[in-house]
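Undergrad: Sequence and predicted structure below; questions after.
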Amino acid sequence: MSRSMETKAFELICYMVTSACNLLNENRLYGPFRLVDAAQRLIIILEEEGIESPRLQEMRERIAAGKYSVMDDEALFTDYLQDLVVALVPFMDQESE
Amino acid sequence: MEVMQAILERRSVRSYRPEPVSDEVLLRLIEAGVWAPSGGNAQTWRFVVITDPASIRRVKMLSPGLLGNPPAVIAVCQDLSEAERRGASLGKEMLSVMDSAMAAQNIMLAAFAEGLGSCVVRSFHPDGVRRLLKLPANIVPNLLISIGVPDSIPRPPKRNLDVTWFQEYTEHE
């Protein structure tokens, strides 16, 4: 059964709000992790709703490819986040139709 | 399956295939859990097995650490009233938590032996999950374990093996 946009948005909001509460007492690296994970979840919702673009797809794939490095290696995760931001820059001039 | 093989090869799985896990298998995993050591033999753990997709989705909404779409989730809970009656404050505040962790490890190793993946999670909102699962106030969820057929298995994380001393602790050079 397909879920409505409102339901998907509500689930994402639950994830973000619960994360905000839990992060008060969690590993400090989980904050950045939850943020990029939320960004990936948002892109997936948009794509499911027919809002797609090469830059959104690229960011979704980049996030998915490296987010779990948070579990392995702090330095690797830090570099991954830096690279993620740098990867945004070339996309900024591309206005979506 | 050799115990050591399961210990070394079990990974925290965060991506699952949609195939369901049968109640029969899930009950075997719980059986493995209840054979874990228990402080003072209190055995105050309680397990809530969640397989209804809508229920899992609701639990996920309050569990940021519960990643992927597992077909089953086991909530490892403790009856704190009973834990206190059996073990006083030590039982309620410490042994109950340790018991949950030991039961969870047994469950995950048994899942591995069944060809299933698992991931133990503490990143959830305990009071919110308690309400979702309709647990009375004295039953608290300590851990959630996602269970399912792995869609992908993460590579082994680095392990620091330089953590052991014989006879007495000394500062490493």
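TA: In hand now; what should we look at?
Undergrad: Next one: residue 23, what pLDDT does it get?
TA: Just going to use chain A. As predicted, A:Leu23 sits at a pLDDT of 97.
Undergrad: hm, I was asking about chain B
TA: 98.
Undergrad: and the nearest residue to B:Pro37 once chain neighbours are set aside, what does it touch?
TA: Computed as Cβ to Cβ, 6 or more residues apart in numbering or on different chains, the closest residue to B:Pro37 that is not its neighbour in sequence is B:Met102, at 5.5 Å. For glycine as for every other residue, the C-beta is placed from the backbone atoms N, C-alpha and C. Counting by Cβ atoms under 8 Å, 6 or more residues apart in numbering or on different chains, B:Met102 makes contact with B:Ala36, B:Pro37, B:Ser38.
Undergrad: How much space separates B:Ser146 from chain A?
TA: Distance, B:Ser146 to chain A, by Cβ to the nearest Cβ, to the nearest Å: 15 Å.
Undergrad: residues contacting that residue?
TA: Applying Cβ under 8 Å, 6+ apart, the residues contacting B:Ser146 are B:Val13, B:Arg14, B:Tyr16, B:Leu66, B:Leu67, B:Gly68, B:Pro70, B:Ala72, B:Val73, B:Ser118, B:Cys119, B:Val121.
Undergrad: again, 7 Å this time
TA: Contacts of B:Ser146 were listed using Cβ atoms under 7 Å, 6 or more residues apart in numbering or on different chains, and they are B:Leu66, B:Gly68, B:Pro70, B:Val73, B:Ser118, B:Cys119, B:Val121.
Undergrad: Same question for A:Val36.
TA: A:Ile63, A:Lys67, A:Leu84.
Undergrad: In chain A, which residue sits closest to chain B?
TA: Closest residue of chain A to chain B, Cβ to the nearest Cβ: A:Cys14 (3.5 Å).
Undergrad: what's the distance between the closest residue to that residue other than its chain neighbours and B:Thr164?
TA: Closest residue to A:Cys14 apart from its sequence neighbours, by Cβ to Cβ, 6+ apart: B:Met61 at 3.5 Å. As for B:Met61, its distance to B:Thr164 is 41 Å (criterion: Cβ to Cβ, to the nearest Å).
Undergrad: Then B:Leu133?
TA: On the measure of Cβ to Cβ, B:Leu133 and B:Thr164 end up 39 Å apart.
Undergrad: need the residues of chain A near chain B, please.
TA: Counting by Cβ under 7 Å from any Cβ of the partner chain, chain A comes close to chain B at A:Glu11, A:Cys14, A:Tyr15, A:Thr18, A:Ser19, A:Cys21, A:Asn22, A:Glu26, A:Arg34, A:Tyr68, A:Met71, A:Asp72.
Undergrad: Using CSV, please lay out these together with neighbour count and secondary structure.
TA: Output for the residues of chain A next to chain B, formatted as CSV (neighbours: other Cβ atoms under 10 Å in any protein chain shown; DSSP: H, G, I helix; E, B strand; the rest coil):
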residue, neighbour count, secondary structure
A:Glu11, 17, helix
A:Cys14, 19, helix
A:Tyr15, 20, helix
A:Thr18, 22, helix
A:Ser19, 22, helix
A:Cys21, 13, helix
A:Asn22, 20, helix
A:Glu26, 17, coil
A:Arg34, 23, helix
A:Tyr68, 19, helix
A:Met71, 14, helix
A:Asp72, 14, coil
